[in-house]
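**Student:** Here is a sequence with its predicted model. Questions after.
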Amino acid sequence: MAFAGRHVVLGVSGGIACYKSCTLARRLTEAGAAVDVVLTHSAAEFVRPVTFEALTGHPVLTSLWERDRALAHIGLAREPDLVIVAPATANLLARAAMGLADDVLTALLLARTGPVLAAPAMNDAMYAHPATRTNLRALAERGWHFVGPETGPLAEGPSERPGRMSEPEAILTAAERLLLQRAPWQGKSVVVTAGPTREHLDPVRVVTNPSSGRMGYALAEAAYARGADVVLVSGPSDLPLPLGVTVHRVETTAEMQRAAQALVKRAAVLIMAAAPADYRPAKPDATKRPRANGALTVELEATPDILASLAPLKGCVVVGFALETGGDGVAKARKKLQDKGLDFVVLNDALEPGAGFEVSTNRVTIIGRDEEPIALPLLPKRDAAERILDAVERALT
């Protein structure tokens, strides 16, 4: 969504991490971006230009002296929505910091006035060297943005210090944030709850529900992309953690309640997308109960009502979810909105195909305090998340 119709220049300097840049070029193109690749002479020793031409469908710029493209680097400096440099080697960073324009990529970067995202990649000692640190500070002061480097294996062997280029997914997430960030979200703290909770019958058996956490994770990713500082409070989930988002893992409803109570004090937006267990065993067993003991009757008690324990929340936009399985869903959701002092409630039907648990799509209705309900069609959960955040954004402005 962030890259559709966008123009991105991918600058590649000469390091072994060039192989990751091929994946990055492909992913940007698949996402709908028009990608122009600019290779330094040393980068072309690692990956030939024809590889990037095949991946992007665009000719690759490798020299200031190419026939009929004498000023191409100026156009590619001015026109794109974003310039990504990956890998950004120590040599490239040094030349850019000094303002050199001795090849096509540094000339482009010197003429660039829009956003630049660089993914440093080098030996860990080179990254730690004071000269490199000085160059990074100088470029950051000029408005460059950075992603990574990470700790992990380098070409010369294992390392416990940063130097390894970030993976393409991390670079794409950082690029998405630069392209999508919006003023109402910048500097705002957003807390999102997601997933189920588990209440133990004994050490190995639990009361829970089939929630995957996908809706909450999509909301956290979308809020981060808009420029917010996002904390995700997640119950048990197998989903990959959203990049850039701070994650607090919890298991029980009481743990989720305590985390929300602590985090919401600084939050501008609270989105309660989790599906916490509503009941827990009144007297959980300390040891596993053998099945041979026969029939089992369990007394259940209500778990804490997290939203009720947080109210009232002044200066915080609060979004709740209402998962229903019967008729009059809108009326039930409106009552929840009023009873719990919400700004918005998001209604969906657990029994509707494609909109319940453990699926990648959702059909929701967004209900605000003084607005007509907004009924959305069946959408991928990330798209539904964007529409929910559009409603929240109107409340922030």
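**Tutor:** Okay, I see it.

**Student:** from here on, contacts and neighbour counts on C-alpha atoms
**Tutor:** Fine.

**Student:** Just confirm residue 191 is within a strand.
**Tutor:** Yes. The assignment for residue 191 (DSSP: H, G, I helix; E, B strand; the rest coil) places it in a strand.

**Student:** tell me, how many neighbours does it end up with?
**Tutor:** If you count neighbours by other Cα atoms under 10 Å, residue 191 ends up with 28.

**Student:** Help me confirm that it comes into contact with residue 265.
**Tutor:** No. Checked against Cα atoms under 8 Å, the pair residue 191 and residue 265 is beyond contact range at 10.1 Å.

**Student:** Quickly list the domain ranges of the chain.
**Tutor:** When the chain is parsed with automatic domain parsing, its domains come out as 7-180, 183-396.

**Student:** Buried residues in stretch 323-332, which are they?
**Tutor:** Residues 323-324, 329-330 are the ones in stretch 323-332 that count as buried (16 or more other Cα atoms under 10 Å).

**Student:** what's the lowest-mean-pLDDT helix or strand in the chain packed up against?
**Tutor:** Least confident helix or strand, the chain: helix 72-78 with a mean of 76, by mean pLDDT, DSSP states H and E. For helix 72-78, the contact count by 3 or more Cα pairs under 8 Å, 6 or more residues apart in numbering; DSSP states H and E identifies helix 104-111 as packing neighbours.

**Student:** The nearest residue to residue 45 once chain neighbours are set aside: neighbouring residues, count only.
**Tutor:** Excluding the flanking residues, the one nearest residue 45 by Cα to Cα, 6 or more residues apart in numbering is residue 14, at 7.6 Å. Using other Cα under 10 Å, the number of residues around residue 14 comes to 23.

**Student:** List the neighbours of the least confident helix or strand of the chain that are in contact with it.
**Tutor:** 9, 64, 83, 104-105, 107-109, 111-114 (Cα atoms under 8 Å, 6 or more residues apart in numbering).

**Student:** just the residues you listed now: which is nearest residue 239?
**Tutor:** Distance ranking of the contacts of helix 72-78 against residue 239, using Cα to Cα, places residue 83 first at 30.2 Å.

**Student:** strands paired with the strand or helix carrying that closest one, and their directions?
**Tutor:** Using DSSP states H and E, residue 83 falls within strand 82-88. According to DSSP bridges, strand 82-88 has the following sheet partners: strand 7-12 (parallel), strand 116-120 (parallel).

**Student:** mind checking which of those is nearest residue 351?
**Tutor:** The nearest among those, by Cα to Cα, is strand 7-12 at 41.7 Å.

**Student:** ranges for the strands of the stretch 101-250 of the chain?
**Tutor:** Using DSSP state E, counting those that start in this stretch, the strands of the stretch 101-250 of the chain run over residues 116-120, 145-146, 150-151, 162-164, 189-194, 199-202, 205-207, 229-234, 246-249.

**Student:** most tightly surrounded among those?
**Tutor:** Per residue and on average, the most neighbours among these fall to strand 189-194, with a mean of 26 (mean count of other Cα atoms under 10 Å).

**Student:** tell me what that one is packed against?
**Tutor:** Strand 189-194 packs on helix 214-225, strand 229-234, helix 253-263, strand 269-272, going by 3+ Cα pairs under 8 Å, 6+ apart.

**Student:** Include mean pLDDT and distance to residue 347 when you put the ones you listed into JSON lines, please.
**Tutor:** Shown next, in JSON lines, are the helices and strands packed on strand 189-194 (pLDDT from 0 to 100; distance: least, Cα to Cα, whole Å):
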{"stretch": "helix 214-225", "mean pLDDT": "94", "distance to residue 347": "12"}
{"stretch": "strand 229-234", "mean pLDDT": "96", "distance to residue 347": "20"}
{"stretch": "helix 253-263", "mean pLDDT": "94", "distance to residue 347": "21"}
{"stretch": "strand 269-272", "mean pLDDT": "95", "distance to residue 347": "12"}
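
**Student:** Pick the most buried one from those.
**Tutor:** The most buried one of the helices and strands packed on strand 189-194 (mean count of other Cα under 10 Å) is helix 214-225, showing a mean of 27.

**Student:** got the angle for that helix vs strand 229-234?
**Tutor:** Counting by axes from the mean of the first three to the mean of the last three Cα atoms, to 10 degrees, helix 214-225 lies at 170 degrees to strand 229-234.

**Student:** circling back: which one of the contacts of helix 72-78 is nearest residue 282?
**Tutor:** Checking these against residue 282 by Cα to Cα gives residue 83 as the nearest, at 57.7 Å.

**Student:** Surely that closest one touches residue 6?
**Tutor:** No. Using Cα under 8 Å, residue 83 makes no contact with residue 6, being 11.2 Å away.

**Student:** who's more crowded, these two?
**Tutor:** residue 83 (28 against 18).

**Student:** one step back: ok, which pair from the contacts of helix 72-78 is furthest apart?
**Tutor:** Farthest pair in these (Cα to Cα) is 64 and 114. Separation: 20.8 Å.

**Student:** give me the low-pLDDT residue ranges for the chain?
**Tutor:** Within the chain, the ranges that satisfy pLDDT under 70 run 1, 67-71, 73.
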